[in-house]
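Visitor: Provide a 3D model corresponding to the input given below.
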Amino acid sequence: MFQPVSLFVGLRYAKAAKGNAFISFISFFSIAGIALGLMSLITVSSVMNGFEQSLKSAMLDLIPHVQLKADNAENAQIEQVLSRLNTHAMVERAQPYITSDVILQTNQELMGVRLQGLFSGYNNAVSKHIELGKLQTLDKKKYQLVLSRYLANKLGIGVGDKVRVILPEVTSYTPLGRVPMQRLFTVAALYNSKSEADMHLAFSDGKSLRRLMRRADNSDLDISITLKDAFALVPFYASVTDLLSRYEKDDWQTQQGALFAAVAMEKRVMSMLLGLIVIVAVFNILSALSMMVREKQGEVAILQTLGFTPNMIGRVFMVQGLYNGLVGTVIGLILGLIVASNINEVLDILGLSLLGGAKLPVLFSPIGLISMATASIAMSFIATLYPAKKAANVLPAEVLRYE
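Guide: Sure thing, here's the model as predicted:
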C-alpha cells in the first residue's frame, strides 16, 4: 500500500505541466500508445468474438452437435432414445436424422453437397433462415428441396425450379448397367444462414430422401442431437455412456473442428500482434521515468534529507508510472468500446463497406475486457520497477556535494 505522502508527491510529479519537454513528450506518447493499442485490441477482439459467435449460432445450429449411428435400429427403440434425450438437461433437441452426400445437377452446373432429411413434427433450425418459399411445402409434397441462396445462385435456379439429385452411393440396375440413383426434386425454399454451411448443405423431407436411399421406413435411422452448449461434448458423453456403447457417435468437432480452431488461432495471433503495441508504449514509460530520475536527482536528494526513505522515493516514481499506465488504459477502454460498438458506421464513413452490405458482428467479453485492462496496468507497473529502484539508490551526499 502506498504511503499518502508518496502518493501525493507522485501525482504532483505526474500532473506537473512544467519540466523537460522531451520527457513530457515521451510520457504523452506512452499514454497515447497504450490507449491506441488497447483500443485496437478491444476492437479486433470484439469483432473476432462476434464472428466466432455468429459461426456457432448459424453454422452449428444447422448441423448435429452429436450424431448417433445405429445399424438396423428399430423405430420403437429410436423413439425411446429420442424421448430420453429430449428430457436431458444438456440437450436442446433430439430428432431422427438421415443424410447423404449427393450431386446436384442443372443445365448450368454440377455441384456436390450434403443433403439432410427433415422430419415433420420436429423443430428444424433451418426454418429461422428461410428467405424465399415455404418450408412447410416439404411436408405437403414429395421430393422437395431447400437450398441455400449461395447454392441456388451457383446452380442458376430459384424457387419452383427443378434440379436433379444424384446419389453416387446408391445404384440401380438398368439395361445400360449399374447407374447411380437419381430423381428430379423441386426447389421449395431458399435459406441464408450467412455461414460456411451455405456452401455445402441442402435439405429435403426425410421420407423422400429415405425412399431415394432405398431404406425401409423403420430401419437405419440415425439420431441428431443439438446441445444447449455445443462445446460441452465431454460432460454430455459422460452422462450417456450406456447409449455410446450401443451407437457409433460422431460430432461437430470431427466435421467442423478445424474451422473453429483456425478462428481461435487467428484471434490469438491478432491479439498478440496488437498487444505488442501496448508493450512498446509501456517501454516508453520506462524510458520517461529513467530520464526523469536522472533529471530529478537533486529533488530526490532533498526529499531524502527531509525524511523520505528509499522505499518512499521508489513509490513516488512507481505512482507516476502507474498514473500514465492507468490513464492510457482508461482512455483505451473507452475508445475501444465506442469504436467497436460503432465499427460498421465507422467503415461506412471511411467507404469500406463489406461485400454485399454485410455487417461485422461485435460481441464484448467482460472477462476479456477485464483481462486486457489488468494486463495493461500490470505491464505499466512492471515498467516502473527499474526506475524506482534507481531513484531509491540515489545518494543525497553525492548529489548535493556541489549544490
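Visitor: could you pull out the helices in this structure for me?
Guide: For the chain, the helices defined by DSSP state H cover 4-15, 21-62, 75-86, 137-140, 149-155, 206-212, 233-239, 241-246, 252-295, 297-305, 310-341, 343-349, 366-392, 396-399.
Visitor: wait, which of those is closest to residue 114?
Guide: With CB to CB as the measure, helix 252-295 is the member of the helices of the chain nearest residue 114 (9.4 Å). In this view, the C-beta of every residue, glycine as well, is placed from N, C-alpha and C.
Visitor: tell me where the stretch 301-403 of the chain is predicted with low confidence.
Guide: 353-358, 396-403 (pLDDT under 70).
Visitor: could you redo the last one with a cut-off of 80?
Guide: Within the stretch 301-403 of the chain, the stretches with pLDDT under 80 are 301-311, 313-314, 317, 347-360, 391-403.
Visitor: looking at it, residue 110 is touching residue 103, isn't it?
Guide: Yes - between residue 110 and residue 103 there is a contact under CB atoms under 8 Å: 6.3 Å.
Visitor: quick revisit: would CSV of the helices of the chain with mean neighbour count and distance to residue 179 be doable?
Guide: Formatted as CSV, the helices of the chain follow (neighbours: other CB atoms under 10 Å; distance: least, CB to CB, whole Å):
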stretch, mean neighbour count, distance to residue 179
helix 4-15, 16, 82
helix 21-62, 20, 31
helix 75-86, 15, 31
helix 137-140, 17, 27
helix 149-155, 19, 22
helix 206-212, 21, 14
helix 233-239, 13, 40
helix 241-246, 11, 36
helix 252-295, 17, 29
helix 297-305, 18, 92
helix 310-341, 21, 56
helix 343-349, 14, 51
helix 366-392, 18, 56
helix 396-399, 13, 97
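Visitor: closest to residue 359 out of those helices?
Guide: Closest approach to residue 359 among these (CB to CB): helix 343-349, 4.9 Å.
Visitor: CA atoms only for that closest one, dumped as CSV, please.
Guide: Provided in CSV are the C-alpha atoms of helix 343-349 (Å, rounded to 0.1, in the frame of the first residue of the first chain):
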residue,chain,number,x,y,z
ILE,A,343,-17.4,-0.3,-36.2
ASN,A,344,-19.9,-0.7,-39.0
GLU,A,345,-20.8,3.1,-39.0
VAL,A,346,-17.0,3.9,-39.0
LEU,A,347,-16.5,1.6,-42.0
ASP,A,348,-19.3,3.3,-43.9
ILE,A,349,-17.8,6.7,-43.2
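Visitor: neighbour-wise, which of residue 110 and residue 103 wins?
Guide: Neighbours of residue 110 and residue 103, each counted by other CB atoms under 10 Å, are more numerous for residue 103; the result is 16 against 11.
Visitor: report the beta-bridge partners for the nearest residue to the more buried one once chain neighbours are set aside.
Guide: In this structure, residue 103 finds its nearest non-sequential neighbour in residue 166, 4.2 Å apart by CB to CB, 6 or more residues apart in numbering. Residue 166 has these beta-bridge partners by DSSP bridges: residue 103, residue 182.
Visitor: now swap in residue 225 and tell me
Guide: Beta-bridge partners of residue 225, counted by DSSP bridges, are residue 66, residue 94.
Visitor: make a markdown table out of the helices of the chain and add distance to residue 129.
Guide: Below are the helices of the chain laid out as a markdown table (distance: least, CB to CB, whole Å):
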| stretch | distance to residue 129 |
| --- | --- |
| helix 4-15 | 55 |
| helix 21-62 | 8 |
| helix 75-86 | 23 |
| helix 137-140 | 15 |
| helix 149-155 | 10 |
| helix 206-212 | 19 |
| helix 233-239 | 24 |
| helix 241-246 | 30 |
| helix 252-295 | 17 |
| helix 297-305 | 68 |
| helix 310-341 | 26 |
| helix 343-349 | 21 |
| helix 366-392 | 29 |
| helix 396-399 | 74 |
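Visitor: wait, which of those is closest to residue 161?
Guide: helix 149-155 (8.5 Å).
Visitor: same for the closest one, what does it pack against?
Guide: Packed against helix 149-155 by the contact rule (3 or more CB pairs under 8 Å, 6 or more residues apart in numbering; DSSP states H and E) you find strand 110-118, strand 177-191.
Visitor: ok, now which ones touch the residue nearest to residue 38 when sequence neighbours are not counted?
Guide: Nearest residue to residue 38, sequence neighbours excluded (CB to CB, 6+ apart): residue 332, at 2.8 Å. For residue 332, the contact set (CB atoms under 8 Å, 6 or more residues apart in numbering) comprises 34-39, 42, 376.
Visitor: let's see 10 Å
Guide: By CB atoms under 10 Å, 6 or more residues apart in numbering, the contact list for residue 332 reads 31-42, 278, 281, 372-373, 376.
Visitor: closest to residue 226 out of the helices of the chain?
Guide: The nearest among the helices of the chain, by CB to CB, is helix 21-62 at 7.3 Å.
Visitor: for the record, mean pLDDT for the closest one?
Guide: On average, the pLDDT along helix 21-62 is 80.
Visitor: what's it packed up against?
Guide: Counting contacts by 3 or more CB pairs under 10 Å, 6 or more residues apart in numbering; DSSP states H and E, helix 21-62 packs against strand 201-205, strand 222-227, helix 252-295, helix 310-341, helix 343-349, helix 366-392.
Visitor: how far is stretch 361-378 from where the chain is centred?
Guide: How far stretch 361-378 lies from its chain's middle: 14 Å, per CA atoms, centre = their mean, to the nearest Å.
Visitor: and for stretch 319-329?
Guide: The answer for stretch 319-329 is 31 Å, by CA atoms, centre = their mean.
Visitor: kindly report the same for stretch 310-329.
Guide: Stretch 310-329 sits 36 Å away from the centroid of its parent chain (CA atoms, centre = their mean).
Visitor: do stretch 85-98 as well
Guide: Worked out by CA atoms, centre = their mean, stretch 85-98 lies 25 Å from the chain centre.
Visitor: go on, stretch 202-221?
Guide: 35 Å.
Visitor: next one: stretch 114-121
Guide: The answer for stretch 114-121 is 29 Å, by CA atoms, centre = their mean.
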